[in-house]
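1. have a look at this prediction, sequence included:
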Amino acid sequence: MAVYRLGYQRYQGPLTTHWQRLLVLPRYAWRRLFQQRLVLILLVASLIWPLLCGGYIYVSHRLDLLGSLPGNLKDAVEIGGKFFLVFMDVQAVFSVLLAALAGPGLIAPDLANNALPLYFSRPLTRFDYVAARMATLVGLLSLITWIPGVVLFWMQAGMAGWSWFAVNWYLGAGIFFGFALWILVVSLVALACSAYVKWRIVAGGLVLGFFFILTGVAQMVNAVLRVGWGSLLNPARSHYILWSAMLGVDLPPGPGVWPCVIVLTVTALALALVLERKLRAVEVIS
Amino acid sequence: MPSVIETDNLRLMLGRREILKGISCRLGVSGAGKAIGLLGPNGAGKSTLIQTLLGFHRPLAGSARILGFDCHRQAREVRSRIGYMPESDSFIANMTAVSFLHLMGELSGMPSEAALEKAHEVLFHVGLGEARYRNLGTYSLGMKQMAKLAQAIVHGPELVILDEPTNGLDPSARLRMLKLVREMKEDHGMSVVLCSHLLRDVEEVCDEVVIMKDGLIVHQANLEEERRSNRRFAELEVSGDDSELAAALGAVGAEAVSEGGGRWRVVLPPAFEVPGLWQITARLGLNVRKLTHRRDSLEEIFMKAVGHLQRTPGDEAAAEPQAEEANAHGRL
């Protein structure tokens, strides 16, 4: 029967589980994100560097091609912690750009259009909402961070053999957990900025500002005060130090691992607090 | 059967202000398909009460239950059984009405296919069938109100909470909205909570009414019973010898009390109709100077409850100036 002839009847059928409901929001968000040409272009651009790294790994194992290279160049192409650290550093920049592009569209429009009462009057808590929004970013950023990173690691392990894997297994774990931590912080920054300002463009600018301006501020503090702890103000630098430790690379000058862990934990908590304060079904002005 | 809404000394502070000051009530019966009107002047706490019931605010003290489930401890159970139409503009940007309702249906727990089918069905039901592929941002205020109603009922909830549903609607759209609300309870067995400051809307649709003022419930009435009892009450003023009137009325089962000067208050028996009074007075040779089939309108109930009227509507001298003032404003 044609739908306009059906007439309204109450739905009496089976209901989905809580987890299925949670995935509804990311599904809709991904669908809308992938309709944006800019997001697609950036996503494709973000995969160029992993492809180049994959090519590099392949070439480095073709000994017949490397046979003619001098000894110091052979050492330079060695695949190890340093190689994956450079890979992570480059992908981190792309992930910030992608988060700045995709993140603000997740919460800001809901706040601007007062949609939160519609979500929170359904079987969806504030925590569920944030988790669902974060899952959207985590899924998107995973495509350009730990997934290609782990693929590269297994590619190298496959080509270099069991002996290499037995010695360097921690690199795989470092790539996964290093990126997981990075995605968490980047997603929290993007969501907090999106919740703090209701305009998408301003929120996007705020995400970029958070990373790039803080980088400048940290360098300025280090230069003016002639100290190293200024790097703690730069979340990207703090991550770099953590990644270096995880991948077994010599730590760069500056604060140690634990101060970075503390600063990143405090940053994540502060961002979670912003979300807790801003994401309410109704705004109470006291 | 549990009550639709049950609160016990519900108190709520927002900032330093106490908005709900100990609300205790039992309203409606689950599954009965009745509408409860929540009335009150602006700032009385109606919307805040609804938001507290929905779990948007954490109460300072007391408890609240909807359909037998605790609003805070069993929030998920409660929310899966209700549909909420907020007062202010609420929608999701850059979405067609169909996608919006599809999403809302899925979030309420419907499988994707069923949610899509219901989205189309409900949009036709509320009169947005032809505009269902249009972006919500392009809708007029009236269409947005209908879209909000549609999202509240897309998943077929047991209870629908409507916060000022006729705001911004033109007369024909208002009538359509009220018709839809009546259909929800009468044809689909949904319980409805209608929060409004428009007395006529509540009077037309609701079976029960709660009047709030300053964060307190000041009056609770069953409109159905009020209407029934009002139909049975008449005021009569006659000239002539009315000494046999009480007996004549008693013979048909009516109770009559003389107030002197030919004025009578009469409680009519269930099957007796008002024109019968004319026949009795004619038989006794009395001239009827006044016959009022008195009806306590919701407006009078409301005015009394919020303290605008100090006496009953029968005492016209005291009541009329304020009642006229209220009529002049139309809205409270």
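-> That came through fine.
2. near chain B, which residues of the stretch 1-150 of chain A show up?
-> Applying C-beta under 8 Å from any C-beta of the partner chain, we find that the stretch 1-150 of chain A lies next to chain B at A:3-4, A:6-16, A:18, A:21, A:24-25, A:28, A:32, A:109-110, A:112-115, A:117-125. C-beta coordinates here come from the backbone N, C-alpha and C atoms, glycine included.
3. just the ones of those in helices?
-> The helices, defined by DSSP state H, take in A:3-4, A:6, A:18, A:21, A:24-25, A:28, A:32, A:109-110, A:112, A:117-120 from those.
4. quick check on residue A:253: phi, psi?
-> Note on residue A:253: backbone dihedrals following degrees, to the nearest 10 are phi -60, psi 150.
5. hmm, it is touching residue A:228, no?
-> Yes - using C-beta atoms under 8 Å, residue A:253 is in contact with residue A:228, at 5.9 Å.
6. these two: which is more packed in?
-> When neighbours are counted by other C-beta atoms under 10 Å in any protein chain shown, residue A:253 and residue A:228 differ, and residue A:228 comes out ahead with 14 against 9.
7. let's see the pLDDT reported for the closest residue in space to the more buried one that isn't next to it in sequence.
-> In space, and not counting its chain neighbours, residue A:228 is closest to residue A:254: 4.3 Å by C-beta to C-beta, 6 or more residues apart in numbering or on different chains. The model reports residue A:254 with a pLDDT of 80.
8. tell me which residues touch residue A:254, please.
-> Taking C-beta atoms under 8 Å, 6 or more residues apart in numbering or on different chains as the contact definition, residue A:254 lies against A:222, A:228-229, A:231, A:237, A:241.
9. before we move on, what about residue B:29?
-> B:1-4.
10. list only buried entries from the ones in helices among the residues of the stretch 1-150 of chain A next to chain B.
-> Listed as buried from those are A:21, A:24-25, A:28, A:32, A:109-110, A:117-120; burial here means 16 or more other C-beta atoms under 10 Å in any protein chain shown.
11. what about the longest helix in chain B?
-> Under DSSP H, chain B gives helix B:171-186 as its longest helix.
12. now that one: buried residues?
-> Buried residues in helix B:171-186, counted by 16+ other C-beta under 10 Å: B:173-174, B:176-178, B:180-181, B:184-185.
13. next: stretch B:261-272.
-> Within stretch B:261-272, the residues that count as buried by 16+ other C-beta under 10 Å are B:262, B:264-266, B:268, B:272.
14. quick one: end-to-end distance for stretch A:249-261.
-> Stretch A:249-261 has an end-to-end distance of 17 Å (C-alpha to C-alpha, to the nearest Å).
15. hmm, back to that, CA atoms only for the longest helix of chain B - export them in PDB, please.
-> Provided in PDB are the C-alpha atoms of helix B:171-186 (Å, rounded to 0.1, in the frame of the first residue of the first chain):
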ATOM      1  CA  PRO B 171      -5.600  29.200  13.700                       C
ATOM      2  CA  SER B 172      -6.000  26.400  11.100                       C
ATOM      3  CA  ALA B 173      -2.600  24.800  12.000                       C
ATOM      4  CA  ARG B 174      -3.500  25.100  15.700                       C
ATOM      5  CA  LEU B 175      -6.700  23.200  15.100                       C
ATOM      6  CA  ARG B 176      -4.800  20.600  13.100                       C
ATOM      7  CA  MET B 177      -2.300  20.200  15.900                       C
ATOM      8  CA  LEU B 178      -5.000  19.800  18.500                       C
ATOM      9  CA  LYS B 179      -6.800  17.300  16.300                       C
ATOM     10  CA  LEU B 180      -3.600  15.300  16.100                       C
ATOM     11  CA  VAL B 181      -3.100  15.400  19.800                       C
ATOM     12  CA  ARG B 182      -6.700  14.200  20.300                       C
ATOM     13  CA  GLU B 183      -6.100  11.300  17.800                       C
ATOM     14  CA  MET B 184      -2.900  10.300  19.700                       C
ATOM     15  CA  LYS B 185      -4.800   9.600  22.800                       C
ATOM     16  CA  GLU B 186      -8.200   8.500  21.400                       C
END
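16. next SSE downstream of the helix or strand residue A:202 falls within?
-> Counting by DSSP states H and E, the element that carries residue A:202 is helix A:200-225. Downstream of helix A:200-225, the next assigned helix or strand under DSSP H and E is helix A:235-246.
17. helices or strands up against that next one?
-> Contacts defined by 3 or more C-beta pairs under 8 Å, 6 or more residues apart in numbering or on different chains; DSSP states H and E place helix A:235-246 against helix A:81-102, helix A:162-196, helix A:200-225, helix A:257-278.
18. so how far is it from its chain's centroid?
-> Mean-position distance between helix A:235-246 and its chain equals 14 Å (C-alpha atoms, centre = their mean, to the nearest Å).
19. tell me the mean pLDDT over it?
-> Averaged across helix A:235-246, pLDDT comes to 94.
20. and the pLDDT for the residue of chain B found nearest chain A?
-> Minimum separation of chain B from chain A (C-beta to the nearest C-beta) falls at residue B:15, amounting to 2.1 Å. The per-residue pLDDT reported for residue B:15 equals 85.
21. count of neighbours near it?
-> The tally of other residues near residue B:15 (other C-beta under 10 Å) stands at 9.
22. please list the residues of the stretch 151-286 of chain A that sit near chain B.
-> A:280-282, A:284-286.
23. top of these by number of neighbours, please.
-> Highest neighbour count within those: residue A:281, with 20 neighbours (other C-beta under 10 Å).
24. for that one, phi and psi?
-> Here is the backbone geometry of residue A:281 (degrees, to the nearest 10): phi -60, psi -40.
25. wouldn't it be in contact with residue B:51 here?
-> Yes - here residue A:281 reaches residue B:51: they are 7.0 Å apart, a contact under C-beta under 8 Å.
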